[in-house]
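Peer 1: A predicted structure for the sequence below; I have some questions about it.
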Amino acid sequence: MSLDTRVAVAIRGVRTATGVPVNRRGGAGPSDDGHLRLGGRGAALPIDPTSPYLVRDGRLLRSAGCGDGAGSAGGLAEELWVDTGLEAEAVARPRFYDLTTADGVRYDQLARLHGADVLATTVVQTCIRYAEDQRCRFCSIEESLRAGATTAVKRPEQLAEVAEAAVRLDGVRQVVMTTGTSNGRDRGARHVARCVRAVKEAVPGLPVQVQVEPPEDLGALAELRDAGADSLGIHVESLDDDVRRRWMPGKATVSLERYREAWAEGVRLFGRNQVSTYLILGLGEDPDELVAGAAELAAMGVYPFVVPFRPIAGTLAVDVDGARPPAPEVLADVTARVAADLRSRGLLSSGQKAGCAACGACSALQAAGA
């Protein structure tokens, strides 16, 4: 798969002739997407009926009259389509979605399939930073809770039950556990650790990534490792303080120096290339500075997971700002440069035991060789 094609579908999305049964709407992000297999890899892509790309009969097609990326006004039957050479198909609805716990909670309210084979859960669906003047403007973590699509707190035994079924019925190969930030000094990490321990007892050997805000007590990171977590995500989203204050005013009260301390401790505990962080392109940070920041992270042993901003329904970015994704050519350039640096340092997604970088569905970095 060429980087240009991967970037184009990341920004412009795809349309499908038959629909996408696995998708997510709202939640903590990073995007409202449908989940597909594209060129043999998991891909989380916007589903857009005006996209110049179409998934049909197991192939990714491009509209012959849409070389500039603009959608056609015609219907599917009226357009001429060119085969891109890539296999493409929607991820099938997992069988574990049809199950419920003994106390009547649907499994899909506890955890969801992401990409092709990742079980993802937000163990606590509330966040101390969700007041409008504190909220990350790209996040709608509590909206899915208000809609009844999930539960406020996932109990360890519930997640263990879901993980066992997801592995047995649907071939899930890794788990991602994230959480809204709590008031405690651990910032919610200790409940995540209890959930990790329960899943590991139910499915020994199943890789798990945990995602937390830098805890005030960095000892909580050791508790996550000791519970059995294989890798760690500490997501900063931007290394530009002006961008952080504008887009994530609550999280911006945690200094970048504190993030660096947490990343360094994470690398010490989990190892080089087992700690990652999101960098979101399109929030206003200078692209060259983002690339330089990604190199700084990589030098620490932290994988900078570069993703494009894509607005999520119900977020302040959409409802108030009307924010838009980055231009495809900018995303392609930044992705190529970051990937080249990662390759030179031997930091590859294939070396990640679990997590967003290991999955790669939300980023074009794998298509660029990282």
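Peer 2: Arrived safely, thanks for sending.
Peer 1: alpha carbons only for contacts and neighbour counts from here, please
Peer 2: Noted.
Peer 1: Tell me which stretches of the stretch 201-350 of the chain form strands.
Peer 2: Secondary structure of the stretch 201-350 of the chain (DSSP state E, counting those that start in this stretch): strands at 208-211, 231-233, 275-281, 302-308.
Peer 1: any idea which element the spatially closest residue to V91 that is not a sequence neighbour lies in?
Peer 2: With sequence-adjacent residues excluded and distances taken as Cα to Cα, 6 or more residues apart in numbering, V91 is closest to L36, at 4.9 Å. Assigned by DSSP states H and E, L36 belongs to strand 33-38.
Peer 1: circling back to that earlier point, spit out the contact partners of the residue nearest to V91.
Peer 2: L36 is in contact with 20, 42-45, 88-91, 115-116, counting by Cα atoms under 8 Å, 6 or more residues apart in numbering.
Peer 1: where are the low-confidence patches of the stretch 51-200 of the chain?
Peer 2: 66-78 (pLDDT under 70).
Peer 1: Could you pull out the strands in it for me?
Peer 2: 53-56, 59-63, 81-90, 112-114, 118-122, 174-178.
Peer 1: Let me see the contact set for the closest residue to A163 other than its chain neighbours.
Peer 2: Closest residue in space to A163, ignoring its immediate chain neighbours: V199 at 6.6 Å, by Cα to Cα, 6+ apart. Applying Cα under 8 Å, 6+ apart to V199 gives the contacts 156-157, 159-161, 163-164.
Peer 1: Show me the contacts of L36 that map onto helices.
Peer 2: Among those, none falls in helices (DSSP state H).
Peer 1: possible to save those residues as JSON lines with distance to E261 and neighbour count?
Peer 2: Shown next, in JSON lines, are those (distance: Cα to Cα, whole Å; neighbours: other Cα atoms under 10 Å):
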{"residue": "V20", "distance to E261": "41", "neighbour count": "18"}
{"residue": "G42", "distance to E261": "32", "neighbour count": "23"}
{"residue": "A43", "distance to E261": "32", "neighbour count": "28"}
{"residue": "A44", "distance to E261": "31", "neighbour count": "27"}
{"residue": "L45", "distance to E261": "34", "neighbour count": "27"}
{"residue": "A88", "distance to E261": "41", "neighbour count": "22"}
{"residue": "E89", "distance to E261": "42", "neighbour count": "22"}
{"residue": "A90", "distance to E261": "40", "neighbour count": "24"}
{"residue": "V91", "distance to E261": "38", "neighbour count": "22"}
{"residue": "G115", "distance to E261": "31", "neighbour count": "27"}
{"residue": "A116", "distance to E261": "33", "neighbour count": "26"}
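Peer 1: For K251, state which of these is nearest.
Peer 2: Nearest to K251 out of these is A44 (Cα to Cα; 25.6 Å).
Peer 1: in the sheet, who's paired with the closest one?
Peer 2: H35 (DSSP bridges).
Peer 1: wait, what's in contact with it?
Peer 2: Counted by Cα under 8 Å, 6+ apart, A44 has contacts 10, 33-36, 114-115, 361-362.
Peer 1: Point out the least confident member of those, please.
Peer 2: The member of those with the lowest pLDDT is D33, at 83.
Peer 1: May I see the buried residues of stretch 162-170?
Peer 2: 162-167, 170 (16 or more other Cα atoms under 10 Å).
Peer 1: about what we covered before: CSV for the strands of the stretch 201-350 of the chain, including distance to L290?
Peer 2: Converted to CSV, the strands of the stretch 201-350 of the chain look like this (distance: least, Cα to Cα, whole Å):
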stretch, distance to L290
strand 208-211, 21
strand 231-233, 18
strand 275-281, 8
strand 302-308, 9
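Peer 1: could I get these as TSV with mean pLDDT and distance to E143?
Peer 2: What follows is those, written out as TSV (pLDDT from 0 to 100; distance: least, Cα to Cα, whole Å):
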stretch	mean pLDDT	distance to E143
strand 208-211	98	20
strand 231-233	98	23
strand 275-281	97	21
strand 302-308	97	22
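Peer 1: Would you mind telling me which of the ones you listed is nearest P287?
Peer 2: Proximity to P287 (Cα to Cα) singles out strand 275-281 among the strands of the stretch 201-350 of the chain, at 7.5 Å.
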